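Engineer: return a 3D structure for these sequence lines:
(4 chains, ligands or ions: 4)
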There are 2 protein chains.
Amino acid sequence: MTPSPKTTKAVFDRLRAAGLRPTRQRLALAKLLFAQGPRHITAEALFNEAKARRINVSLATIYNALHDFTESGLLREITVDANQSYFDTNISAHHHFYFEKSGRLQDVPADEIHITQLPTPPKGGTISRVDVVIRVAD
Amino acid sequence: MTPSPKTTKAVFDRLRAAGLRPTRQRLALAKLLFAQGPRHITAEALFNEAKARRINVSLATIYNALHDFTESGLLREITVDANQSYFDTNISAHHHFYFEKSGRLQDVPADEIHITQLPTPPKGGTISRVDVVIRVAD
DNA sequence: AAGTATTTTAGAATAATTCTAATTTATGTT
DNA sequence: AACATAAATTAGAATTATTCTAAAATACTT
Ligand SMILES: [Mn+2]
Ligand SMILES: [Mn+2]
Ligand SMILES: [Zn+2]
Ligand SMILES: [Zn+2]
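Structural biologist: Ligands and ions are numbered 1, 2, ... in the order given. Coordinates of the predicted model:
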C-alpha cells in the first residue's frame, strides 16, 4: 500500500498548525506516532520502529521531536517508570492503567474515574494536571 | 543532644520487624529517614544528608538500603519525575501534590481526594495501587 | 538563487542507577 | 569468646537513558 496522501497532508498540516517546521524526519515520525490509534511509546521504541521502516533518523532527532511535539501540545509526557519516559499520542484528558510487569500503559477514559473531591493547591499554585495511575500487578 | 536511645531502639526494632539486619549504616539511614515527620527524598539527597552528618555510607549502600526498605514495606517509591526516584517515608494510603518547578512533593491525605468510580482492571490483573498526582505549576 | 534561521546529526558528555568482586560485619553455633 | 557462614558494604567500573556540542544539511523568506 502506497502512503496515503491524505495522511501525509493531515500530518503536515498538524505540524504547521503546531508551529513546527514539517521537516522530513518530523513528518515521518509524526506519521508513525499519529497514523494509528492512541499510543504510549518510549524514545527507544520509536527509534526502533523508525529503523524497522528504513526511516533514517538519528536518536537525537527522536528526542528532539518528542520534546518539540510535547512542548507544542501534540504529545503528552507520562512518568510512570523511573527508567524511561513514555509519550502519549492521546492528549485529551484521561488516565492510565500501568501494567507493572510488562511496562505497558492503557488508557482509562476520563469519565471512567470520578473524582468528586480534590484539595485546593497551596496559595500561589495552579493545578496544571491531575494524573491518576492505576498500577496493575499482572 | 546525645542520640535518643528510644529512637535508636525503635528504629532497630523496626528494621528487625521488617526482616532486615540492623546494620550500622541501615540504622543510621533509617534514623535520618524516620526520625522526623513524613519525607520525600531522593537517593542523592539522602547521601548528602548523611555526609553532612558525618555518616560514612557509600552511595551503593544508599541505593541498597532504599530498595531494601522499599521491598520490605518501610518505604514507598514514587515516580513523578523522569530524572530521579523519590522515596516516601509515609507508607499509608495517600496522594501527592507535585510542584513542578521545585520538584517538591507534598502529601495529600487519602480522605481529601474522593474517587467514587474506578474502572475494573482487565481480566487477570489486580490493582496494586492507585496513585493520584496533582501537578502544580508554581 | 541567496541568505538566514532552524533542524539534523554523530558522537561525546552527563547523570542516575546498577553491577562486580573483594572486604567487612552480623549473627548463630560451638 | 572464638568460629563459621551468610548477608551487607564498598569503591569503582559499567550501564542506560538522555542531553549536549558544534558542524552539516535543510526549510523558508526575500
Ligand atoms: Mn524530557
Ligand atoms: Mn529502583
Ligand atoms: Zn494515554
Ligand atoms: Zn507522600
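Engineer: give the buried residues for stretch A:78-92.
Structural biologist: Of the residues in stretch A:78-92, A:78-80, A:85-90 count as buried by neighbour count, 16 or more other CB atoms under 10 Å in any protein chain shown. Every C-beta, even on glycine, is put in place using the N, C-alpha and C of the backbone.
Engineer: ok, residue A:93 - contacts?
Structural biologist: residue A:110 (CB atoms under 8 Å, 6 or more residues apart in numbering or on different chains).
Engineer: separation between it and residue A:110?
Structural biologist: To residue A:110, residue A:93 is 5 Å away according to CB to CB, to the nearest Å.
Engineer: ditto for residue A:36
Structural biologist: 21 Å.
Engineer: tell me which element the residue in chain A sticking out farthest from the centre is part of?
Structural biologist: Computed with CA atoms, centre = their mean, the residue of chain A farthest from its C-alpha average is residue A:123, at 31.0 Å. Here residue A:123, judged by DSSP states H and E, is contained in no helix and no strand.
Engineer: could you pull up the residues touching it?
Structural biologist: Contacts of residue A:123 by CB under 8 Å, 6+ apart: none found.
Engineer: tell me, what's the model's pLDDT at it?
Structural biologist: Residue A:123 is assigned a predicted lDDT (pLDDT) of 91.
Engineer: what of residue A:109?
Structural biologist: 97.
Engineer: any residue of the strand or helix carrying residue A:10 touching DNA strand C?
Structural biologist: Counting by DSSP H and E, the element that carries residue A:10 is helix A:5-17. No - Helix A:5-17 stays clear of DNA strand C (CB under 7 Å from any atom of the strand), getting no nearer than 9.2 Å.
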